[in-house]
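Enquirer: Structural data only, the sequence is not supplied:
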């Protein structure tokens, strides 16, 4: 099986994030593999181990994204591809990403493409379904279980806390949800092997694309942190008095009544 994983380098939301001038301050930000993409990497490795073939992880970004690709290789992926847009692209959006990936997959025989359900930085959930549409292949989102039997694929997907069962066929693109698996940590032998695994670097010129072809269709006006939460209030006294005070606060301060 030819298995591909779409991987994104995102900032770690568990670390303190600083915003300066309407943009995230890169100097103080810690970057990781998008957590939902880790489920995709793990499942791709499981599928390869069960059915043979190889796993290729693909990301679009700058030179720094090589670190996250090497992590995926240390987890067990076979190959990595960095589509470096550092010199060719200042700003991009989901359209840009899909346009580049569509050009990358042209002429390739991908049996299954796995991606994260969303990226934790923008959380649009658009790239997977839009790419599947452009490649004219089946797409199933938010999967929590997948079984491949020849070209037939049985999937369970999360639907608002319930489970939907889907039968489809290869080629296929899926987006991975929490609960699909438990991503492994790279082992020391895996880290050592990752240094020797192939990591190909491409630019948009190599994909026969011009800057105008991948120009973003949306504009980010500003990025800002949510306002700090005020301290809560503890109501004291008799229950009747607490109820009266609560109603008063909801009317005068919260203004929800």
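Expert: Good, I have the coordinates. Model, not experiment: these values are computed from the prediction.
Enquirer: Please verify my assumption that residue 183 contacts residue 42.
Expert: Yes - in this structure residue 183 lies within contact range of residue 42 using C-beta atoms under 8 Å: 4.3 Å. Quick note: C-beta positions are derived from backbone N, CA and C, even for glycine.
Enquirer: list the residues that contact both of those two?
Expert: Residues touching both residue 183 and residue 42 (C-beta atoms under 8 Å, 6 or more residues apart in numbering) are residue 75.
Enquirer: More neighbours: those two, which one.
Expert: residue 42 (22 against 18; other C-beta atoms under 10 Å).
Enquirer: what's the distance between the more buried one and residue 184?
Expert: According to C-beta to C-beta, to the nearest Å, residue 42 and residue 184 sit 6 Å apart.
Enquirer: where do the contact lists of those two overlap?
Expert: residue 75.
Enquirer: any idea whether residue 41 is helix, strand or coil?
Expert: The assignment at residue 41 comes out as helix when based on DSSP: H, G, I helix; E, B strand; the rest coil.
Enquirer: Equivalent analysis for residue 56, please.
Expert: Taking three-state DSSP, the label given to residue 56 is strand.
Enquirer: For it, grab the count of nearby residues.
Expert: Residues near residue 56, counting by other C-beta under 10 Å, number 21.
Enquirer: what sits opposite it in the beta ladder?
Expert: residue 4, residue 79 (DSSP bridges).
Enquirer: distance of the nearest residue to residue 233 once chain neighbours are set aside from residue 243?
Expert: Of all residues not flanking residue 233 in the chain, residue 249 sits nearest, at 7.2 Å (C-beta to C-beta, 6 or more residues apart in numbering). Remark: distance between residue 249 and residue 243 (C-beta to C-beta) = 11 Å.
Enquirer: And for residue 25?
Expert: Distance, residue 25 to residue 243, by C-beta to C-beta: 46 Å.
Enquirer: now swap in residue 45 and tell me
Expert: For residue 45 relative to residue 243 (C-beta to C-beta), the value is 57 Å.
Enquirer: Counting neighbours, go ahead and name the busier of those two.
Expert: residue 45 (21 against 11).
Enquirer: The more buried one touches residue 76, doesn't it?
Expert: Yes - Residue 45 lies in contact with residue 76 (C-beta under 8 Å); the separation is 4.3 Å.
Enquirer: Could you name every residue contacting both of the two?
Expert: What both residue 45 and residue 76 touch, as defined by C-beta under 8 Å, 6+ apart, is the set 55, 184.
Enquirer: lowest-pLDDT helix or strand in the chain?
Expert: strand 23-24 (a mean of 70; mean pLDDT, DSSP states H and E).
Enquirer: Parallel or antiparallel, list what pairs with that strand.
Expert: Under the criterion DSSP bridges, strand 23-24 sits next to strand 19-20 (antiparallel) in its sheet.
Enquirer: What lies in contact with the partner strand?
Expert: Contact with strand 19-20 is made by 25, 223, 224, 225, as judged by C-beta under 8 Å, 6+ apart.
Enquirer: hmm, which two among these are most spread apart?
Expert: 25 and 224 (12.7 Å; C-beta to C-beta).
Enquirer: Those two: which is more packed in?
Expert: residue 25 (11 against 7).
Enquirer: Look up phi and psi at the closest residue in space to the more buried one that isn't next to it in sequence.
Expert: What sits nearest to residue 25 in space, not counting adjacent residues and going by C-beta to C-beta, 6+ apart, is residue 18, at 4.2 Å. Backbone torsions for residue 18, taken as degrees, to the nearest 10, come to phi -110, psi 140.
Enquirer: avg pLDDT for stretch 203-219?
Expert: In this model, stretch 203-219 has a mean pLDDT of 90.
Enquirer: Now it: buried residues?
Expert: Within stretch 203-219, the residues that count as buried by 16 or more other C-beta atoms under 10 Å are 204, 207, 209, 214, 216.
Enquirer: can you check stretch 121-138 too?
Expert: 121, 125, 126, 127, 128, 129, 130, 131, 132, 135, 137, 138.
Enquirer: All set, thanks.
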